[in-house]
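K.L.:
pasting a predicted model and its sequence here:
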Amino acid sequence: MKVIVVGAGVVGTMHAWHAVNRGHEVVQIERESEARGASLRNFGQIWVSGRAGGEELDTALRARELWEGIGAEVPGLGFRPCGSLTPLRTDLEVAVAEAAVARDDAAARGYKLVTADEARAINPALRGTFGSALWCERDAAVEPRTAQLVLKQALLASGRYTFLGGREVREVVGTASVRDDHGDVHTGDAVVLATGAWLGGLVRELAGPGLPVRRVRLQMMQTDPLGETLTTSVADADSFRYYPAYGGPALDALNDGQAQAPTASAHRMQLLMVQRLDGGLTIGDTHEYEHPFSFDTVEEPYEHLTGVVESFLGRPLPRIRHRWAGVYAQCTDTGRVVHRQQVADGVWLVTGPGGRGMTCSPAIAEQTADELGW
């Protein structure tokens, strides 16, 4: 069969990957020359630890398995099973970690509460002051700025894949057929619209005004090389407030008894940090939900994150060389992993994984392929 994939972010590319690997022909159409959206502007984390139990965790664990397999086939992805550490400083933070370790699914996530010395044995770069840490062995990472490019090269090598960049799909013109802004019609047996946060235009026309997906804006930064290896991803205890796995009485007590720093609260912040293969650190992030979004980046979140990172590393942060904002699509019901909807004959919209896009995209695409009988 022939599959038309609209959108070259990680969700679209994973749909192309599964279709090609199941023996089908794929035409992937991207409005930019290459993907430039949230799939590049993220941490590259395969983040199992904070996912809600049930479907979300199952999806993340399956995706983690798929990422590892794809990484073995495509070494340029830079897949590494680095795990993550969340340093803890207060009794309230420790209580949330203890509750996480006591969960029935803790082993599946790779949770373990470790002492400061044990954490430093895992990640010697953490020389700052903290009392203990939550270790999450199942977390991993890839290189977000290059992942789509190396996957595209692997797909091209199959001989069953065509990439068309710089083309915007404007309309559905028949069963499993779309027309682009060059006037060309692309017909297949199925069309997948994986357009990410691009929710206007054709998507609004097809899905209607009640699409249960919203856009979220974030700010991030990247540094010069650290000069040493950060062997794990790193989070701070504010991340507990944003990930559903940590919900419960202990988190309620943390929220009631330990306020976020004013800047962190105002910008709905957490620290997540991953080292890139070039040694630089990707650091974030903020959350902005109200529209219209700001068009500029502001310094206070970067100053806050710099302070938190330096307190964990026990040393000055390298020079910041990149600052950016990104926008991703999130289901308004945040308990849903993705919004998958047939919007026309032979045409499906797949969007809204939110901050789970990089983590869950291989499993999301696998589910689409299974449901559509590819």
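P.N.:
That came through, no problem.
K.L.:
model confidence over stretch 198-218, on average?
P.N.:
Mean per-residue pLDDT for stretch 198-218: 94.
K.L.:
when you give positions from now on, start the count at 597
P.N.:
Understood, numbering begins at 597; the last thing we discussed is stretch 794-814.
K.L.:
which residues does it contact?
P.N.:
The contact list for stretch 794-814 (C-beta atoms under 8 Å, 6 or more residues apart in numbering) reads 603, 627, 633, 765-768, 789, 791, 793, 880-885, 887, 889-890, 921-929, 935, 937, 939-940, 943, 945, 947-948, 950-951. Bear in mind the C-beta positions are built from the backbone N, C-alpha and C, glycine included.
K.L.:
and it, how far apart are its ends?
P.N.:
Stretch 794-814 has an end-to-end distance of 16 Å (C-alpha to C-alpha, to the nearest Å).
K.L.:
what residues sit buried inside it?
P.N.:
By 16 or more other C-beta atoms under 10 Å, the buried positions in stretch 794-814 come out as 794-795, 798-799, 802-803, 807, 809-814.
K.L.:
do the same with stretch 930-940
P.N.:
932-937, 939-940.
K.L.:
now stretch 628-641
P.N.:
For stretch 628-641, by 16+ other C-beta under 10 Å, it's 631, 633-641.
K.L.:
which element follows whichever helix or strand Gln749 is part of toward the C-terminus?
P.N.:
Per DSSP states H and E: Gln749 is located in helix 740-752. Later in the chain than helix 740-752, the nearest helix or strand by DSSP H and E is strand 757-761.
K.L.:
now do that next one: which elements does it pack against?
P.N.:
strand 621-626, helix 740-752 (3 or more C-beta pairs under 8 Å, 6 or more residues apart in numbering; DSSP states H and E).
K.L.:
name the residues that touch the longest one?
P.N.:
I take that to be helix 740-752. Under C-beta under 8 Å, 6+ apart, the answer for helix 740-752 is 604-606, 609, 612-613, 616, 622, 624, 630-631, 635-640, 666, 669-670, 672-674, 757, 759, 954.
K.L.:
where do the helices sit along the stretch 747-896 of the chain?
P.N.:
Secondary structure of the stretch 747-896 of the chain (DSSP state H, counting those that start in this stretch): helices located at 797-803, 845-853, 858-862, 895-909.
K.L.:
out of these, which gets nearest to Asp966?
P.N.:
helix 797-803 (22.2 Å; C-beta to C-beta).
K.L.:
just the CA atoms of the closest one, as PDB, please.
P.N.:
Output of helix 797-803 as PDB, limited to C-alpha atoms (Å, rounded to 0.1, in the frame of the first residue of the first chain):
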ATOM      1  CA  GLY A 797      -5.900  26.000   8.000                       C
ATOM      2  CA  LEU A 798      -6.700  22.600   6.600                       C
ATOM      3  CA  VAL A 799      -6.700  21.000  10.100                       C
ATOM      4  CA  ARG A 800      -9.400  23.300  11.400                       C
ATOM      5  CA  GLU A 801     -11.300  22.900   8.200                       C
ATOM      6  CA  LEU A 802     -11.300  19.100   8.400                       C
ATOM      7  CA  ALA A 803     -11.600  18.600  12.200                       C
END
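K.L.:
the most centrally placed residue in the chain in helix, strand or coil?
P.N.:
For the chain, the residue nearest the mean C-alpha position is Met954 (3.4 Å; C-alpha atoms, centre = their mean). Following DSSP: H, G, I helix; E, B strand; the rest coil, we place Met954 in the helix state.
K.L.:
contacting residues for it?
P.N.:
Met954 neighbours (C-beta under 8 Å, 6+ apart): 606, 635, 638-643, 738, 740.
K.L.:
just Leu653 next, same as before
P.N.:
For Leu653, the contacting residues are 644, 647, 701, 704-705, 841, by C-beta under 8 Å, 6+ apart.
K.L.:
before we move on, what about Glu967?
P.N.:
By C-beta under 8 Å, 6+ apart, the neighbours of Glu967 are Arg936.
K.L.:
show me the contacts for the residue nearest to Ala772 when sequence neighbours are not counted.
P.N.:
Excluding the flanking residues, the one nearest Ala772 by C-beta to C-beta, 6 or more residues apart in numbering is Gly942, at 3.0 Å. Gly942 makes contacts with 771-773, 784-787, as judged by C-beta under 8 Å, 6+ apart.
K.L.:
go on, Asp687?
P.N.:
So Asp687 contacts nothing (C-beta under 8 Å, 6+ apart).
K.L.:
most packed of the helices and strands packed on strand 757-761?
P.N.:
Comparing the helices and strands packed on strand 757-761 by mean neighbour count (mean count of other C-beta atoms under 10 Å), strand 621-626 comes out on top with a mean of 23.
K.L.:
list the neighbouring strands of it plus their orientation.
P.N.:
Strand 621-626 has the following sheet partners, assigned by DSSP bridges: strand 598-602 (parallel), strand 757-761 (parallel).
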